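Novice: Just a sequence and a predicted model for now, questions to come.
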Amino acid sequence: MRMSRLIDDGTSVAVTSAKPRLSLVTALQILVFVVLVAAWQLGAALGWIDPFFFSRPSDIAAKIGEWLVTGYLWPHLAVTLTEALLAFVIGTVSGVACGLAFARIELLAAVFDPYIRILNALPRVILAPILILWFGLGMASKVALGVTLVFFIVFFNTFQGIREVDPVVRNNARMLQASDRQLLRHVYLPSAMAWIFSSLHTSIGFALVGAVVGEYIGAARGIGYVVAQAQGVFDTTSVFAGLILTSAVVLVIDLGIHRLERHLLRWRPRI
Amino acid sequence: MTTPAVSCRKITVRFATPSGGAHTVIGDISLDVEDGTFVAIVGPSGCGKSTLLNLVAGLLQPQLGDIAIFGEPLTGINRHAGYLFQQDALLPWRTVLDNVMLGLVFRGVPRDEATQRARQWIARVGLTGFEDRFPHLLSGGMRKRAAIAQSWIVDPRILLMDEPFSALDVQTRQVMETELLDLWQESRRTVLFITHDLEEAIALADRVVVLSAGPAARIKGDYPVALARPRDVAEIRLDPEFVELYRQIWADLRDEVRQSQAQGFR
């Protein structure tokens, strides 16, 4: 869960300590992309890769273009995104709330610790059929699946973030006569913010995973449904096109979170 | 006799050790501090000076004994006290202005008034122009100034200071000591100032209390400092009266420091 932050910090070090290297890194990143795509296309053309199983980049690009032009994909994408965003918001809010409560109330944390661990150990994909039974084939079951993924990530990070509050800063606020609510608002939450944000990067991806997997198992709309339909007729091109569009959307949302994080955590020293 | 600002009666503090035993940090200390006096508490490192201060702050409760603040038994956080910490205690996610006004905000002072008063204090500690900086962009001395403004803006009747300048370099430290005395001269609040630096203690205080080496620290000596005020922190160290006093108290403190070193630094 800390991985994404470690990587983020790594890039920010590169940005601040050696500006000229940034363009080199970008150039190399583009190069890697070009080489991979070219190898894939070439492999398919030369018969090393079977396009039936792996499709080819030109076909995938054409498919994405076709979807964008005909507007076939938009309703599906809208459904998936709505599910993912709902799961993300519900999971984040409940995760932060529970993380705060557990970190502040020792007894609660002690009693529920084993149960939280058991729940978190459950493979969530297995939950999908049950959630569909409970919540039906509509959006609710997908949102529920996403929430089960997002909640725990945010919960554990918030819990840890609250636990790591500098005791000197906390005591200082107490001496300045902060009430419990003021402590929460002015000390605990801002202090946990770095941890919470690092979990948001991970959990936006998981919210989408929840939505897509839920749709894949049983739905009438959404990216997961599109992929499942395509797979049913061995249309690998559409499967890949769906996957690529999904990850592109996640990247855009993550960029937004990154911007927000940069703003809210501007008080932190840049190393 | 008036009610003392701080009155500690037969205070004992024990901490549980990981091995299951009990470590007595403070053993049976009684101490009265008159209102309006500047009291310095010196002692070897690890003797429990900070513990004593945390008791008066109400951040820690003694196992035995009572503490009274202006005659009233202390329960919970000491509402008459401001605390200047040894470490950085500013909220790192708040600007200087927001940090300084924090105590007023917590007390429900309207935002406009709080901002105005915070700006006055920021000017008093010489931080005008740095209101919108975050703490990590300030020097150690500037952070300390902001912390002074933060704890004094609510005008506490008792000021607790835990080696506030120990992390600063020598020059900054002397500047800060001078500024502290100037500020104190205006308000004459009760001060409890913890330090391991005897020179600093004598230069600033009306009274120096020497704690013995731990475990179970107690009061080893209690000296009035009758040097005239206002004082020049740099010059006063050369005053014959200062030197004589230093000799006396050091004789007391020396044994404790040695004993504490013999036990190994803690």
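Specialist: Structure's in. What do you need?

Novice: so who does the residue in the stretch 151-266 of chain B that chain A sits nearest to touch?
Specialist: In the stretch 151-266 of chain B, the residue that lies nearest chain A is B:V154 (7.0 Å; C-beta to the nearest C-beta). For every residue, glycine as well, the C-beta is placed using N, CA and C. When contacts are counted by C-beta atoms under 8 Å, 6 or more residues apart in numbering or on different chains, B:V154 touches A:176-177, B:82, B:103-104, B:107.

Novice: Please identify the helix or strand for it.
Specialist: Mapping B:V154 onto the secondary structure by DSSP states H and E places it in no helix or strand at all.

Novice: quick one on the thing from earlier: check the contacts of B:V154 for burial and list the buried ones.
Specialist: In terms of neighbour count (16 or more other C-beta atoms under 10 Å in any protein chain shown), the buried residues within the contacts of B:V154 are A:176-177, B:82, B:103-104.

Novice: among these, which two are most distant?
Specialist: The largest separation in the buried ones among the contacts of B:V154, counting by C-beta to C-beta, is between B:G82 and B:L104 at 12.5 Å.

Novice: And the helices in chain A, which stretches?
Specialist: A:3-17, A:19-46, A:51-54, A:57-70, A:73-104, A:106-121, A:124-135, A:139-163, A:167-175, A:180-183, A:189-217, A:223-232, A:236-264 (DSSP state H).

Novice: Turn those helices into TSV, columns for distance to chain B, mean pLDDT and mean neighbour count.
Specialist: Below are these laid out as TSV (distance: least, C-beta to the nearest C-beta, whole Å; pLDDT from 0 to 100; neighbours: other C-beta atoms under 10 Å in any protein chain shown):
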stretch	distance to chain B	mean pLDDT	mean neighbour count
helix A:3-17	14	40	13
helix A:19-46	21	88	12
helix A:51-54	49	86	12
helix A:57-70	42	91	15
helix A:73-104	16	92	20
helix A:106-121	17	88	11
helix A:124-135	34	86	16
helix A:139-163	12	92	24
helix A:167-175	4	94	20
helix A:180-183	5	92	13
helix A:189-217	4	89	24
helix A:223-232	38	90	20
helix A:236-264	9	88	16
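
Novice: Pull the contacting residues for the nearest residue to B:A81 once chain neighbours are set aside.
Specialist: Counting by C-beta to C-beta, 6 or more residues apart in numbering or on different chains, B:A81 lies nearest to B:I158, which is 4.5 Å off, once chain neighbours are set aside. By C-beta under 8 Å, 6+ apart, the residues touching B:I158 are B:5-6, B:56, B:69, B:78, B:80-82, B:189-192.

Novice: ditto for B:R247
Specialist: No contacts exist for B:R247 under C-beta under 8 Å, 6+ apart.

Novice: and it, how far is that from B:R254?
Specialist: Note on B:R247: its distance to B:R254, by C-beta to C-beta, to the nearest Å, is 10 Å.

Novice: go on, B:R145?
Specialist: Taken as C-beta to C-beta, the span from B:R145 to B:R254 is 34 Å.

Novice: which one of the two has more residues nearby?
Specialist: Set B:R145 next to B:R254 and count neighbours by other C-beta atoms under 10 Å in any protein chain shown: B:R145 wins out with 24 against 12.

Novice: Which positions in the stretch 1-150 of chain B make contact with chain A?
Specialist: Contact residues, the stretch 1-150 of chain B versus chain A (C-beta under 8 Å from any C-beta of the partner chain): B:57, B:59, B:77-79, B:81-83, B:85, B:87-94, B:102-103, B:105-107, B:134-137, B:150.

Novice: and the residues you listed, which are buried?
Specialist: B:57, B:59, B:77-78, B:81-83, B:85, B:88-94, B:102-103, B:105-106, B:134-135, B:150.

Novice: Is the residue nearest the centre of chain B bridged to anything, and to what?
Specialist: The centroid of chain B falls nearest to B:M161 when counting by C-alpha atoms, centre = their mean (1.6 Å). Counting by DSSP bridges, B:M161 forms beta bridges with B:L84, B:F193.

Novice: In contact with it, which residues?
Specialist: B:M161 neighbours (C-beta under 8 Å, 6+ apart): B:83-84, B:191-194.

Novice: which of the residues you listed has the most neighbours?
Specialist: Of the contacts of B:M161, with other C-beta under 10 Å as the count, B:Y83 tops at 30 neighbours.

Novice: now B:D66: how far from chain A?
Specialist: As judged by C-beta to the nearest C-beta, to the nearest Å, B:D66 and chain A stand 21 Å apart.

Novice: Let's verify that residue: helix, strand, or coil?
Specialist: When classified by DSSP: H, G, I helix; E, B strand; the rest coil, B:D66 comes out as strand.

Novice: pretty sure it is touching B:E72, no?
Specialist: No. With contacts counted by C-beta atoms under 8 Å, B:D66 stays clear of B:E72, the gap being 10.8 Å.

Novice: which residues are in contact with stretch A:230-244?
Specialist: Against stretch A:230-244 from outside (C-beta under 8 Å, 6+ apart): A:51-56, A:59-60, A:63-64, A:67, A:223, A:226-227, A:229.

Novice: Which parts of the stretch 51-200 of chain B are strands?
Specialist: B:64-69, B:72-73, B:81-84, B:158-162, B:190-195 (DSSP state E, counting those that start in this stretch).

Novice: Show me what counts as buried in the first one.
Specialist: It refers to strand B:64-69. Under the neighbour-count criterion of 16+ other C-beta under 10 Å, strand B:64-69 has B:65, B:67-69 buried.
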